[in-house]
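K.L.:
kindly generate the corresponding structure for this input.
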Amino acid sequence: MEHHHDHHHEQGPARAAAGQKSALSLSATSIRDYIPLIVVFSFIGLSSSIYVALLGNTELNWLNAIMGFFFLYFALFKFLDLPGFVEGYHEYDLLARRAKWYGWVYPFIEVTLALLYLLGIVSIGLYVVTIVVTVINIWGVAVKLARREKFMCACLGTILKVPLTTVTIIEYGLMGLMAVYMMGDVLIT
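P.N.:
Coordinates of the predicted model:
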């Protein structure tokens, strides 16, 4: 009979604490740690290209496609182990730490955002919610990184293991900036 152990739980507290100091250095991670993320972003790029080919090569279609597929794919991986995602997300998201229900609701928020973007909805409310969600994510990750704590990002659920690093801040930062840009475009016209 095989026993599967979660790497996070294999280490004793002393070993885990000792590993935290160097966890965020470049030597502690390798490109292999990011292969799941690279694959997901490749699918986002491919899906977005198909979406734009079908609906027309416009800036709005590209933005809607990238935003929509980003939220869709990231949500789908969370649903593969929703209880595991909730536990992992609770460890670093500032809102989920205070209100655990938010971890249960968050993947549904992502799916809703994905559908609204992919349906081509143009709405200040959509952009505001996206900005708020991305700022909350960035803030929680930044706090964890500032404390130099080693942790796996729950952004792709628990099935695909990706380290919590500044890459997480960059990906959510880009989504937030795209929403700000889209909102500005609506307000100007």
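K.L.:
all helices of the chain, in order?
P.N.:
7-10, 13-20, 35-55, 59-79, 82-90, 94-98, 101-118, 124-146, 166-188 (DSSP state H).
K.L.:
would you format those as CSV with mean pLDDT included?
P.N.:
What follows is the helices of the chain, written out as CSV (pLDDT from 0 to 100):
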stretch, mean pLDDT
helix 7-10, 39
helix 13-20, 36
helix 35-55, 92
helix 59-79, 94
helix 82-90, 88
helix 94-98, 88
helix 101-118, 96
helix 124-146, 90
helix 166-188, 88
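K.L.:
any chance of these in CSV, with mean neighbour count too?
P.N.:
The C-beta positions use only the backbone N, C-alpha and C, and glycine is treated the same way. Below are the helices of the chain laid out as CSV (neighbours: other Cβ atoms under 10 Å):
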stretch, mean neighbour count
helix 7-10, 10
helix 13-20, 11
helix 35-55, 15
helix 59-79, 20
helix 82-90, 19
helix 94-98, 17
helix 101-118, 18
helix 124-146, 17
helix 166-188, 16
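K.L.:
list the contacts for the residue lying closest to V111 once chain neighbours are set aside?
P.N.:
Closest residue in space to V111, ignoring its immediate chain neighbours: A75 at 4.6 Å, by Cβ to Cβ, 6 or more residues apart in numbering. The contact partners of A75, taken as Cβ atoms under 8 Å, 6 or more residues apart in numbering, are 107-108, 110-111, 114.
K.L.:
would you list those residues in JSON lines and tack on distance to L80?
P.N.:
Shown next, in JSON lines, are the contacts of A75 (distance: Cβ to Cβ, whole Å):
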{"residue": "P107", "distance to L80": "10"}
{"residue": "F108", "distance to L80": "15"}
{"residue": "E110", "distance to L80": "14"}
{"residue": "V111", "distance to L80": "13"}
{"residue": "A114", "distance to L80": "16"}
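K.L.:
for the residues you listed, which one is nearest D81?
P.N.:
In terms of Cβ to Cβ, no member of these lies closer to D81 than P107, at 10.7 Å.
K.L.:
distance check, the closest one against Y172.
P.N.:
Relative to Y172, P107 is positioned 15 Å away (Cβ to Cβ, to the nearest Å).
K.L.:
ditto for S42
P.N.:
From S42 to Y172 the distance is 19 Å (Cβ to Cβ).
K.L.:
thought F85 was touching K100?
P.N.:
No: applying Cβ atoms under 8 Å, one finds F85 not in contact with K100, separated by 11.9 Å.
K.L.:
now do the contacts for the residue nearest to Y181 when sequence neighbours are not counted.
P.N.:
Excluding the flanking residues, the one nearest Y181 by Cβ to Cβ, 6+ apart is L63, at 7.5 Å. By Cβ under 8 Å, 6+ apart, the residues touching L63 are 178, 181-182.
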